[in-house]
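Engineer: For reference, the sequence and a predicted model appear below.
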Amino acid sequence: MREPNPENLQKAIQMEETTLSNLTTASAQELLRMKLMQEVIRSVYPFSINENTATYKEVLRGLSVFGDRRVDIILKYCTSEQIVKLAAITAIEITKMILDLPREKIYQAKWGENQNKVLEAVQQYFPWFEEVEEKLQLEVLATELSGKVKNSLERVLRIGAASIMNEKVAFNLRSQVDKRFEDLRAEIEASICEEEVKAHLIGKELPETKALALEHISKKFAEEPIRLLYYRSGTRAAVKLAWNKDVYSIHKGRGKEVRLNRGEDRNPYGLIVSLNYIEEFLYFNEVRDDDVWVEEDSLESIYQFNSNISVNLTPAFVKEWYNYDAPVLQRISPNRGKRGETAFGMKLFHFTTNLVESSLSTDYISEDITHAEAFSLMKGYEHTRISKEIRNTLKAREIEEAGKTEEIKHWVEAYDARVQSVIDENSKSILNALSAAFHERVEWTPGTDGEMTLLLDDNFGLDCGYLNIQVNDSEYTEKRSILRNTSSNVGPWMDVRMPVVSQSTTIMMKQFEIAKEIVKSKLGIELFGHTVLD
């Protein structure tokens, strides 16, 4: 496919419009040998068509107006004379559409809205095209109904052995399948589909699909799920498995993380797998989440950072975590009884929560951290930045429950607005200082309002990024932290902008250095900032 060439199309339509308009018989190869047809297809179709072996289907698809499903209907129900006439008129209409476009918008010829205009023009030209559209609607409806039947089966096939643990559940599932397929039968019978299609859906697809769904329920009910027991092993944790398969596979180099259980409970728990490997092990052995049952007496929670694991947040574990510069600390919660599920309806065998995430400039504390967890992480480390953030997280929870979030939000916004007001009032001074610092890159030009506008060449090379601004004010820092812990839309940085918005961290930092001195002298507020490369 190439960019449409208006000159070539203009010449071709002048030469062949009359011929094409009156065309009633021609092979697909003859159509493709016509100059106008060649130019049109090259302009709107991304693939080449061999004119020596071309078919009507390839020609109609090459015009890029009808869509594959409509093309199939045209070929099925239309005569060769109608197909030839349709292809010829469509090529003419596409040419007219392209020639009507301004040269700078020629590339829009391939856009859907312009192709739809061509389709509308063609439909009006051929009265019989209405029947094609009716056939298309019926086919789309039949496909949708068939899709509903298939989707009903797919929903059942997602159900695993862990979700069908007793006869009552199995009975309820069978009843749901019966009702679902009766509803589908009624919907198909009431539809405007052709009788032949209805007969196929009701006589073949529905009963066959329903049988597969019921068969799956019976199979999974009879199947014993793989049982996991998250248990304590000293201060660490591991997982015992009741493995219901004859064999299992292990990733190369991970053999030490799977061993035979030689304890008294080796029947039924024949295997022990490390906590770090359990997810990969089950996935590698093609075990679905819903075929796994997590025992009710599994551990409630486990803590992990890097490859270090502990059942509790013991002083030794917390000390080691701090000694590693506080990497991401996770809480692993076994999904006991498979009662919990994700937002997408997945019943995972355990859930992982990032309890604490820390970086050079900011910290994140999970909103559902417990008081016991908070106490264990802060004890002996009350002076750290992480402990301050944990305290603010707990305080944010209390403030939110008390309905005082808006009060803090207004205070923070007013503080930011005071700083922004000073920067705005002194923007000319900041711009003049910036102009002096980068005089070889600056040009002042008059704007539409008569004011002089600063034009700045901010291409300093590899310094693309952004500026983050904070304040040396403990009350503000605490309140913004509290606010951030009540909403994911609030960041740790001030909502303050510089007079010049630039992708260059060099420019942003320079004007910030100028602005912060003005803010300090006017308000007594000390700002500090740092840049982050993008």
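Structural biologist: Now that the structure is in, tell me what you want to look at.
Engineer: Going by C-alpha atoms from here, please, whenever you check contacts or count neighbours.
Structural biologist: OK.
Engineer: Surely residue 434 is within a helix?
Structural biologist: Yes - Residue 434: assigned to a helix according to DSSP: H, G, I helix; E, B strand; the rest coil.
Engineer: What's the separation between it and residue 165?
Structural biologist: From residue 434 across to residue 165, the span is 72 Å (Cα to Cα, to the nearest Å).
Engineer: Compare those two (neighbour count), which wins?
Structural biologist: Neighbours per residue (other Cα atoms under 10 Å) separate residue 434 from residue 165, with residue 434 holding more: 21 against 17.
Engineer: separation between residue 114 and residue 389?
Structural biologist: Residue 114 sits 56 Å away from residue 389, going by Cα to Cα.
Engineer: more neighbours, these two?
Structural biologist: The neighbour count for residue 114 versus residue 389, taken as other Cα under 10 Å, is higher for residue 389 (20 against 17).
Engineer: my read: the more buried one touches residue 481, true?
Structural biologist: Yes - between residue 389 and residue 481 there is a contact at 7.1 Å, judged by Cα atoms under 8 Å.
Engineer: Residue 67 - how many residues pack around it?
Structural biologist: If we define neighbours as other Cα under 10 Å, then residue 67 has 12 of them.
Engineer: How about the contacts made by it?
Structural biologist: Taking Cα atoms under 8 Å, 6 or more residues apart in numbering as the criterion, residue 67 is in contact with residue 61.
Engineer: Can you give me the neighbour number for residue 513?
Structural biologist: Look at residue 513: counted by other Cα under 10 Å, it has 14 neighbours.
Engineer: Point out the other helices and strands that the longest helix anywhere in the chain packs with.
Structural biologist: Counting residues, the longest helix in the chain under DSSP state H turns out to be helix 129-157. Counting contacts by 3 or more Cα pairs under 8 Å, 6 or more residues apart in numbering; DSSP states H and E, helix 129-157 packs against helix 68-77, helix 167-190, helix 206-222.
Engineer: again, only using 10 Å
Structural biologist: Helix 129-157 sits against helix 68-77, helix 112-125, helix 167-190, helix 195-200, helix 206-222, with contacts defined as 3 or more Cα pairs under 10 Å, 6 or more residues apart in numbering; DSSP states H and E.
Engineer: Packed most tightly, which of these would that be?
Structural biologist: Among the helices and strands packed on helix 129-157, helix 206-222 has the highest mean neighbour count (mean count of other Cα atoms under 10 Å), at a mean of 17.
Engineer: Run through who's touching that helix.
Structural biologist: 146, 149-167, 169-171, 173-175, 177-178, 180-182, 184-185, 200-202, 205, 223, 291 (Cα atoms under 10 Å, 6 or more residues apart in numbering).
Engineer: Within the sheet, what are the partner strands of the helix or strand following it, with directions?
Structural biologist: Next along the chain after helix 206-222, taking DSSP states H and E as the criterion, comes strand 226-233. Applying DSSP bridges, strand 226-233 is found paired with strand 236-242 (antiparallel), strand 292-294 (parallel).
Engineer: Give me the common contacts of residue 389 and residue 481.
Structural biologist: Joint contacts of residue 389 and residue 481 (Cα under 10 Å, 6+ apart) are 362, 363, 364, 395.
Engineer: where along the chain do the strands fall?
Structural biologist: Assigned by DSSP state E, the chain shows strands spanning 226-233, 236-242, 258-260, 271-274, 292-294, 302-305, 308-310, 329-334, 350-358, 363-365, 442-446, 452-456, 465-471, 527-533.
Engineer: do you know how far residue 117 is from residue 111?
Structural biologist: Residue 117 sits 10 Å away from residue 111, going by Cα to Cα.
Engineer: Pull the number of nearby residues for the nearest residue in space to residue 495 that is not next to it in sequence.
Structural biologist: Distance criterion Cα to Cα, 6 or more residues apart in numbering; nearest residue to residue 495, sequence neighbours excluded, is residue 416 at 6.0 Å. Neighbourhood size, residue 416 [other Cα under 10 Å]: 17.
Engineer: The one 4 residues further on too?
Structural biologist: Per other Cα under 10 Å, the neighbour tally for residue 420 reads 20.
Engineer: Also residue 523?
Structural biologist: Neighbour number of residue 523 under other Cα under 10 Å is 12.
Engineer: shouldn't it be in contact with residue 418?
Structural biologist: Yes - taking contacts as Cα atoms under 10 Å, residue 523 lies within contact range of residue 418: 8.5 Å.
Engineer: between the strands paired with strand 226-233, which one is nearest to residue 268?
Structural biologist: Relative to residue 268, the nearest member of the strands paired with strand 226-233 by Cα to Cα is strand 236-242, separated by 5.2 Å.
Engineer: Kindly provide the whole-number mean pLDDT of the closest one.
Structural biologist: The pLDDT scores in strand 236-242 average 94.
Engineer: out of everything not next to it in sequence, what's closest to residue 34?
Structural biologist: Using Cα to Cα, 6+ apart, the closest residue to residue 34 is residue 16 (8.0 Å).
Engineer: thinking again about what came up before, and the helices and strands packed on helix 129-157, which one is worst for confidence?
Structural biologist: helix 112-125 (a mean of 89).
Engineer: ranges for the helices of the stretch 401-534 of the chain?
Structural biologist: For the stretch 401-534 of the chain, the helices defined by DSSP state H, counting those that start in this stretch cover 405-425, 427-437, 474-484, 505-523.
Engineer: returning to that earlier point: please report how far the residue nearest to residue 34 lies from residue 49.
Structural biologist: 20 Å.
Engineer: Same question for residue 29.
Structural biologist: Distance, residue 29 to residue 49, by Cα to Cα: 10 Å.
Engineer: quick one: common contacting residues for the two?
Structural biologist: In terms of Cα under 10 Å, 6+ apart, residue 29 and residue 49 are both contacted by the residues 55, 59.
Engineer: residues contacting residue 380?
Structural biologist: 315, 318, 319, 387.
Engineer: what number of residues lie near the third one?
Structural biologist: To tie it back to what came earlier, the one meant is residue 319. Look at residue 319: counted by other Cα under 10 Å, it has 15 neighbours.
Engineer: same thing with the one 4 residues further on?
Structural biologist: The tally of other residues near residue 323 (other Cα under 10 Å) stands at 10.
Engineer: Provide a list of residues in contact with it.
Structural biologist: Taking Cα under 10 Å, 6+ apart as the criterion, residue 323 is in contact with residue 317.
Engineer: could you check the distance from it over to residue 381?
Structural biologist: Residue 323 sits 12 Å away from residue 381, taking Cα to Cα as the criterion.
Engineer: Equivalent analysis for residue 105, please.
Structural biologist: Distance of residue 105 to residue 381, given as Cα to Cα: 64 Å.
Engineer: just residue 101 next, same as before
Structural biologist: Residue 101 sits 69 Å away from residue 381, going by Cα to Cα.
Engineer: With residue 400 instead?
Structural biologist: 26 Å.
Engineer: Then residue 259?
Structural biologist: Going from residue 259 to residue 381 by Cα to Cα gives 39 Å.
Engineer: Please apply the same query to residue 371.
Structural biologist: With the distance defined as Cα to Cα, residue 371 ends up 15 Å from residue 381.
Engineer: who's more crowded, the two?
Structural biologist: Shown here are residue 371 and residue 381; by other Cα under 10 Å, residue 381 has more neighbours (16 against 12).
Engineer: can you give me phi and psi for that one?
Structural biologist: phi -130, psi 30 (degrees, to the nearest 10).
Engineer: Now do the contacts for it.
Structural biologist: 318, 319, 322, 375, 387, 388.
Engineer: with those residues in mind, which one is nearest to residue 123?
Structural biologist: Among those, residue 388 lies closest to residue 123 (Cα to Cα), at 69.6 Å.
Engineer: That closest one - how many residues pack around it?
Structural biologist: Using other Cα under 10 Å, residue 388 has 16 neighbouring residues.
Engineer: With the one 4 residues further on instead?
Structural biologist: Residue crowding around residue 392 was assessed by other Cα under 10 Å; the count is 22.
Engineer: for residue 22, same thing?
Structural biologist: By other Cα under 10 Å, 11 other residues sit near residue 22.
Engineer: Setting aside sequence-adjacent positions, which residue approaches residue 65 most closely?
Structural biologist: Distances taken as Cα to Cα, 6+ apart put residue 115 closest to residue 65, at 5.6 Å, once the chain neighbours are dropped.
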